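In: my questions concern the predicted model and sequence given below.
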Amino acid sequence: MSVRRYNALNLFRQGRRGQRDWAPAWRLPEPKPAYDAVIVGGGGHGLATAYYLAKNHGIRNVAVLEKGWLGGGNTGRNTTIVRSNYFWPESAALYDLALRLYEGLSEDLNFNIMLSQRGMMILAHSEPELDMMKRSANAMQLNGIDCDILTEAEVRNRVPLLQMERYEIWGALVQHRAGVARHDAVAWGFARGADRLGVDIIQNCEVTGFQTHGNRVTAVETTRGTIGCGVVGLTAAGHQNLLTQKLGFRLPLLSYCLQAMVSEAIKPVLDTVILSPAVGTYVSQSAKGSLVFGAGLDLYPSYAQRGNFPTTQKIVAGLVEMFPSFARLKVLRQWGGNVDVAPDSSPIIGPTPVENVHLDCGWGTGGFKAIPGGGWLLAHCLATGGHHPISAPFDLKRFAEGRLIDEGAAAGIAH
Ligand SMILES: Cc1cc2nc3c(=O)[nH]c(=O)nc-3n(C[C@H](O)[C@H](O)[C@H](O)COP(=O)(O)OP(=O)(O)OC[C@H]3O[C@@H](n4cnc5c(N)ncnc54)[C@H](O)[C@@H]3O)c2cc1C
């Protein structure tokens, strides 16, 4: 018997049978000759796009083509922070759509994404910084985003181990609905959900070129053969420009390595996410007990996935500056991902100069939190050929028209 649905009764039954009858979470199909929609990139955004194409728009003849393994790009390498406290109304609408979808995602996908809304605080280290934060908080509240300013005493009370000596703490901006979710589970949950609706998820399948007729793509060339397509969604993050160059246009994106690391596991000591702009480091504690921490981009654009050593040192130094007692911990792992950064630190969603090709990219250091929203919106574009009102401001044309949505201050540090 194969059991697809995860619930207490099935867990109990499987326990009695030695867990032998679970069906694979998704199939491993051979590519078909053609699909109505082909999504390039099996990260969170690609998988979410496929899921919502099938679920919201009834388009099920869909393939997700991934050159490696699912979530092996940035989706499986990030520090799992979700939040929606962005400054501009356009961004607030976009990231809060994603956060609201995250809030119902475990139930929707029947897969526990381990969303933990433990709040996130960004420290202010001087009076002017606190004043700027109050301005941001006002803007966010006007945009309908829950956020507050904490006093120094409230910060110290919430995070007693925080003992910064060289930097004063004046307060913090906090979003209580922010938090963390398990990154692998988000990829696996969307993959399982999309597969259940008929989507083919094809791994080890790199897209190497496109066949075109007029101003349309008719097929994608891959390491597993040529696959015909009706519409194409490009969700390849740091490698997006390598794909669009094959279609004859470049995106205003630079690819950088972004690093993170985890410590050995310890007992619970930190029940929120905390970031210090002064030292550039942010940290949370995972469900397993490891501290998960990172900082800003590496020093220069590259396709590397290891990271510059000076940045590694800066991250650790920042952590120890915030929490001197963490100096006694061992670092378990360090890694890097390849993120795609736009000049205004906002994503690019929607149509391209090629008629049936749409984009979802440019998420830079902060696209994990956006996965359900990005997928929802790209699915809308692919299904209708036009924008959802929330994605319209993030169109590629904004760079030519001078309509930048500058979120540099919100996305300058990786989170
Ligand atoms: C260290 C680090 C920490 C981060 N922390 C956070 C955080 O805390 N919160 C947050 O919101 N965001 C964070 N991010 C950013 C976030 O991880 C990304 O913005 C997000 O995962 C992007 O998802 P994606 O699906 O667009 O890209 P990816 O997950 O990178 O997926 C793109 C996929 O495309 C595939 N691909 C590329 N080229 C091809 C091709 N030619 N053919 C087929 N497949 C191809 C790749 O193999 C990859 O799997 C962090 C990133 C890193 C690296």
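Out: Perfect, I can see it now. This is a predicted model, so every value here is computed, not measured.

In: tell me the SS of the residue in the stretch 201-350 of the chain positioned nearest to the ligand?
Out: Across the stretch 201-350 of the chain, no residue is closer to the ligand than G337, which sits at 2.3 Å (CB to the nearest ligand atom). (Glycine included, C-beta is placed from N, CA and C.) Recorded secondary structure, G337: strand (DSSP: H, G, I helix; E, B strand; the rest coil).

In: could you list the low-pLDDT ranges of the stretch 151-300 of the chain?
Out: Along the stretch 151-300 of the chain, no part satisfies pLDDT under 70.

In: if we can go back for a sec, touching, the residue of the stretch 201-350 of the chain closest to the ligand and Q305? I think so.
Out: Yes - in this structure, G337 is within contact of Q305 by CB atoms under 8 Å, at 6.4 Å.

In: neighbour-wise, which of those two wins?
Out: G337 (25 against 16; other CB atoms under 10 Å).

In: between G337 and Q305, which contacts overlap?
Out: The overlap between the contact sets of G337 and Q305 (CB atoms under 8 Å, 6 or more residues apart in numbering) consists of R77, C257.

In: in stretch 208-216, which residues are buried?
Out: Buried residues in stretch 208-216, counted by 16 or more other CB atoms under 10 Å: F210, T212, R216.

In: for A63, phi and psi?
Out: phi -120, psi 140 (degrees, to the nearest 10).

In: that one pairs with what?
Out: Judged by DSSP bridges, the bridge partners of A63 are V38, D200.

In: ok, now which ones touch G41?
Out: Neighbouring residues of G41 by CB under 8 Å, 6+ apart: V64, L65, E66, G73, L234, T235, A236, A237, H239.

In: how far away is P128 from the ligand?
Out: 27 Å (CB to the nearest ligand atom, to the nearest Å).

In: what is the neighbour count of that residue?
Out: P128: 10 surrounding residues under other CB under 10 Å.

In: from here on, call the first residue 695.
Out: Fine by me, first position is 695 from now on; the one you just mentioned is P822.

In: for this structure, just list every one of the helices.
Out: Applying DSSP state H to the chain gives helices spanning 702-710, 738-751, 783-797, 799-803, 821-836, 846-852, 877-890, 934-940, 1003-1016, 1065-1078, 1092-1095, 1102-1105.

In: tell me the most buried of the ones you listed?
Out: helix 738-751 (a mean of 28; mean count of other CB atoms under 10 Å).

In: report the distance from that one to the chain centre.
Out: 15 Å (CA atoms, centre = their mean, to the nearest Å).

In: got a list of what the residue nearest to W763 when sequence neighbours are not counted touches?
Out: Nearest residue to W763, sequence neighbours excluded (CB to CB, 6 or more residues apart in numbering): Q897, at 5.5 Å. Q897 is in contact with L722, G736, E760, G762, W763, L764, counting by CB under 8 Å, 6+ apart.

In: tally of neighbours for the closest residue to the third one other than its chain neighbours?
Out: With CB to CB, 6+ apart as the criterion, E760 has its nearest non-adjacent residue at 2.8 Å, and that residue is G736. Counted with other CB under 10 Å, residues neighbouring G736 total 29.

In: what about G736, distance to A881?
Out: Relative to A881, G736 is positioned 8 Å away (CB to CB, to the nearest Å).

In: before we move on, what about T1046?
Out: Look at T1046 and A881: by CB to CB, they are 25 Å apart.

In: sorry, back to before: neighbour-wise, which one of the contacts of G735 leads?
Out: V758 (32 neighbours).

In: how is this protein partitioned into domains?
Out: Domain segmentation of the chain under automatic domain parsing yields 722-778+780-804+877-947+1038-1105, 814-873+949-1035.

In: nearest to R711, out of the ones you listed?
Out: R711 sits nearest to domain 722-778+780-804+877-947+1038-1105 of all the domains of the chain, at 20.1 Å, using CB to CB.

In: wait, does the closest one contact the ligand?
Out: Yes - counting by CB under 6 Å from any ligand atom, the ligand has neighbours in domain 722-778+780-804+877-947+1038-1105: 734-740, 759-762, 766-769, 771-775, 900-901, 929-931, 933, 937, 1057, 1059-1063.

In: in contact with S984, which residues?
Out: Taking CB under 8 Å, 6+ apart, we find S984 in contact with V956, S957, E958, A959, I960, L1026.

In: of those residues, which belong to strands?
Out: Using DSSP state E, V956, S957, E958, A959, L1026 are the members of the contacts of S984 that sit in strands.

In: need these in a markdown table (columns: distance to L993).
Out: Below are those laid out as a markdown table (distance: CB to CB, whole Å):
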| residue | distance to L993 |
| --- | --- |
| V956 | 22 |
| S957 | 24 |
| E958 | 28 |
| A959 | 31 |
| L1026 | 24 |
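
In: any of those residues buried? List them.
Out: So, by 16+ other CB under 10 Å, the buried ones in the ones in strands among the contacts of S984 are V956, S957.

In: if we can go back for a sec, isn't the residue nearest to E760 up against G765?
Out: Yes - using CB under 8 Å, G736 makes contact with G765 at a distance of 7.3 Å.

In: centroid-nearest residue for the protein?
Out: The chain has F1062 as the residue nearest its centroid, 1.3 Å off, counting by CA atoms, centre = their mean.

In: test my guess that it contacts I775.
Out: Yes - F1062 is in contact with I775 according to CB under 8 Å; the separation is 7.1 Å.

In: what sits against P1004?
Out: L993.

In: could you measure from it over to L969?
Out: From P1004 over to L969 (counting by CB to CB), the distance is 20 Å.

In: over to A1094?
Out: Distance from A1094 to L969, by CB to CB: 34 Å.

In: same check, this time on L855
Out: On the measure of CB to CB, L855 and L969 end up 15 Å apart.

In: in terms of neighbours, single out the busier of the two.
Out: Per other CB under 10 Å, whichever of L855 and L969 has more neighbours is L969, with 26 against 13.

In: leaving out sequence neighbours, find the closest residue to that one.
Out: Leaving out its chain neighbours, the residue that sits closest to L969 by CB to CB, 6+ apart is Y976, at 3.7 Å.

In: again, but for R777
Out: That would be A872: by CB to CB, 6+ apart, it lies 3.4 Å from R777.
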